[in-house]
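> have a look at this prediction, sequence included:
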Amino acid sequence: MIENNAVYLQTLGQQAKQASYALAGLTGQQKQALLSAIANSLTNNSATILAANEKDVAAARENGLNDAMIDRLLLDESRLQGVIADIDNVINLTDPVGTELESQLLDNGLRLSRRRVPLGVIGVIYEARPNVTVDIAVLALKTGNAVILRGGKETLQSNLALSEAIRTAVVEQGLPADSVQLIQSPDRVLVSGLLKLDQFVDMIVPRGGQNLQRLCAEQATIPVILGGIGICHLYADKDADIAKSIDVIANAKVQRPTVCNALDTVLVHESIADELLPQLYTHLAASGVSFYGCSRAKIIADKQGVAISIATEETYGQEWLSLTLGVKVVSDIDTAIEHIRTYSSGHSEGILTDNIHASAHFVNEVDSAAVYVNASTRFTDGGQFGLGAEVAVSTQKLHARGPMGLEALTTYKWIGVGEYTARG
């Protein structure tokens, strides 16, 4: 038990800020060596890590967590090897730190440039998945940032084992162990305290549900990257290829329904609804999908004997994270766009159409982090975008948007070089 939360957090912040100075000066080769050492340390400590995870899983079962939650926190040998293998992907990514974004010679003789630099200290609050501990630490260190981690109480033992293995590797490379720190108490008061540690922490990234996002937005005195909540839509236009559209809709809904880029609502143009929806209902019902739909969607489902509930404003605004799909028949593309503007979380939307004018109109009018033409929403992911492991998926517009890779963990500074130049 931590006796004095304020002192504890102040100490974490001071240690992280001090460590960030050492990390900021690392060369690309030093960072590669550091990440390789982390991969080796995780491999060498795999037995300890898996044993710790078994304790978390056993405790989760005792506490009555559902199978989906247990699957999220499970870290078996295969999954751990996958997490370690992903470190190589990050090693091979181009390091953005030190890149010059632009350079110009001003009329006053000053050579002015912008150079990418680390943010400094990043605080990450996350739930359930222990792999996030490794992903975040590796991405932060690759960009020269120190990190303070606060995982969920369900994965505390796993996170302790993972963070200790990482810290061991950091020390072996001659760097401060406090480059990576884990808050070792599940006390929620520490979350609120971390959100106000603006003297030391430069950015907060919450990875969790709507309640966590709201808490961070309301209480933080530090810039917060909001996201991770996906109320995602696909619109099947009147000129869509119906057979191909059904395959894309099914992929977006069924492939992995518990993640933020899974499909929540499909919008169907009224001119193709009588042909598309019966096939879609049959296809998805066979995969265990249940439906909420508008009156027109329900009439079509009833004719097939497919169970469907009447959709409401509440259900259209729901991120399902399950095998549930909202269905709405719309009169035209602008009605579909208006529905998306009303209910979307700004994550991922798409149009299915062979009409280039319709696709251009949709892309121009829909303002989400990722907008697709004839593709599944499931592609909104750092790995799929070629960014490597992601820190989060941002649904806001400042400082980062969409899947956040290495560049999102940097800022820039202006550098002016003169010839003993004075302002006239």
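Right, received. Where do you want to start?
> tell me the SS of residue 229?
coil (DSSP: H, G, I helix; E, B strand; the rest coil).
> so what secondary structure elements neighbour the helix-or-strand element of the chain with minimal mean pLDDT?
The weakest-scoring helix or strand in the chain, judged by mean pLDDT, DSSP states H and E, is helix 67-73 (a mean of 83). Under the contact criterion of 3 or more CB pairs under 8 Å, 6 or more residues apart in numbering; DSSP states H and E, helix 67-73 touches helix 46-62. Just so you know, the C-beta spots here come from the backbone N, C-alpha and C atoms, and that holds for glycine as well.
> name the helices or strands packed onto the helix it packs on?
Using 3+ CB pairs under 8 Å, 6+ apart: helix 46-62 touches helix 67-73, helix 77-91, helix 156-172.
> what ranges do the helices span in the stretch 201-350 of the chain?
210-219, 242-254, 270-285, 295-304, 313-316, 333-343 (DSSP state H, counting those that start in this stretch).
> residues in contact with the second one?
In this case it means helix 242-254. Contacts with helix 242-254, where a contact means CB atoms under 8 Å, 6 or more residues apart in numbering, come from 232, 234, 236, 262-263, 266, 272, 275-276, 279-280, 283-284, 287, 289, 323, 325, 350, 352, 374-378.
> which of those residues fall in strands?
Members of the contacts of helix 242-254 lying in strands (criterion: DSSP state E): 232, 234, 236, 263, 266, 325, 350, 352.
> my guess is the third one contacts residue 266. True?
Yes - in this structure, residue 236 is within contact of residue 266 by CB atoms under 8 Å, at 6.7 Å.
> follow-up on the earlier one: now, of the helices and strands packed on helix 46-62, which is deepest in the fold?
Comparing the helices and strands packed on helix 46-62 by mean neighbour count (mean count of other CB atoms under 10 Å), helix 156-172 ranks first with a mean of 22.
> for that one, give me every contacting residue.
Looking at helix 156-172 with CB under 8 Å, 6+ apart, the contacting residues turn out to be 34, 37-38, 40-42, 44-45, 48-49, 51-53, 55-56, 73, 75, 130, 133-134, 137, 141, 149, 151, 176-177, 179-182, 184, 186.
> please narrow these to those residing in helices.
34, 37-38, 40-42, 44, 48-49, 51-53, 55-56, 73, 133-134, 137, 141 (DSSP state H).
> count of neighbours near residue 104?
Residues lying near residue 104 (other CB atoms under 10 Å) number 9.
> which non-adjacent residue is nearest it?
Of all residues not flanking residue 104 in the chain, residue 112 sits nearest, at 5.7 Å (CB to CB, 6 or more residues apart in numbering).
> if I look at the one you found, how far off is residue 105?
From residue 112 across to residue 105, the span is 8 Å (CB to CB, to the nearest Å).
> can you give the distance from the lengthiest helix in the chain to the centre of its chain?
Assignment by DSSP H gives helix 5-24 as the longest helix of the chain. Helix 5-24 sits 25 Å away from the centroid of its parent chain (CA atoms, centre = their mean, to the nearest Å).
> tell me the contacts of the closest residue to residue 241 other than its chain neighbours?
Distances taken as CB to CB, 6+ apart put residue 354 closest to residue 241, at 6.1 Å, once the chain neighbours are dropped. Contact analysis of residue 354 by CB under 8 Å, 6+ apart lists 239, 240, 241.
> a markdown table for the residues you listed, including neighbour count, pLDDT and distance to residue 201?
What follows is the contacts of residue 354, written out as a markdown table (neighbours: other CB atoms under 10 Å; pLDDT from 0 to 100; distance: CB to CB, whole Å):
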| residue | neighbour count | pLDDT | distance to residue 201 |
| --- | --- | --- | --- |
| 239 | 17 | 98 | 50 |
| 240 | 24 | 98 | 47 |
| 241 | 14 | 98 | 49 |
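> what is the nearest of the residues you listed to residue 207?
Nearest to residue 207 among the contacts of residue 354 is residue 240, at 34.0 Å by CB to CB.
> burial measure for the nearest residue to residue 258 once chain neighbours are set aside, as a count.
Spatial nearest neighbour of residue 258, chain neighbours left out: residue 321 (5.1 Å); criterion: CB to CB, 6+ apart. Applying other CB under 10 Å, we find 16 residues neighbouring residue 321.
> quick check: residue 321 vs residue 227, distance?
Distance of residue 321 to residue 227, computed by CB to CB: 15 Å.
> where do the strands sit along the stretch 301-424 of the chain?
For the stretch 301-424 of the chain, strands defined by DSSP state E, counting those that start in this stretch occupy the ranges 309-310, 324-330, 348-352, 370-373, 393-394, 402-403, 410-417.
> other SSEs contacting the longest one?
So that's strand 410-417. Applying 3+ CB pairs under 8 Å, 6+ apart, one finds that strand 410-417 contacts strand 111-118.
> strands paired with the strand it packs on, and their directions?
strand 100-105 (antiparallel), strand 410-417 (antiparallel) (DSSP bridges).
> only the buried subset of the ones in helices among the contacts of helix 156-172, as a ChimeraX command please.
Buried residues among the ones in helices among the contacts of helix 156-172 (16 or more other CB atoms under 10 Å), as a ChimeraX selection:
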select :34,37,38,40,41,42,49,52,53,56,73,133,134,137,141
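> below-threshold pLDDT in the protein: ranges please.
1-3 (pLDDT under 70).
> mind giving me the domain split of it?
Per the TED database, the structural domains of the chain span 5-225+400-417, 233-385.
> mind checking which of those domains is nearest residue 394?
It's domain 5-225+400-417; of these, that one is closest to residue 394 (CB to CB) at 4.8 Å.
> and the nearest residue to residue 347 once chain neighbours are set aside, how many neighbours?
Excluding the flanking residues, the one nearest residue 347 by CB to CB, 6+ apart is residue 230, at 3.7 Å. Close neighbours of residue 230, defined as other CB under 10 Å, add up to 28.
> quick one, phi/psi of residue 230?
phi -120, psi 110 (degrees, to the nearest 10).
> doesn't residue 174 lie inside a strand?
No - the assignment for residue 174, made by three-state DSSP, is coil rather than a strand.
> tell me how many other residues crowd it.
9.
> distance of it relative to residue 311?
For residue 174, the distance to residue 311 - CB to CB - is 59 Å.
> which one is residue 14 nearest to, not counting chain neighbours?
Residue 14 sits nearest to residue 200 (CB to CB, 6+ apart), 6.3 Å away.
> picking up where we left off before, nearest to residue 392 among the domains of the chain would be which one?
That would be domain 5-225+400-417 among those, by CB to CB, at 5.1 Å.
> which ones are touching residue 365?
Residue 365 neighbours (CB under 8 Å, 6+ apart): 334, 337.
> so it versus residue 419, what's the distance?
51 Å.
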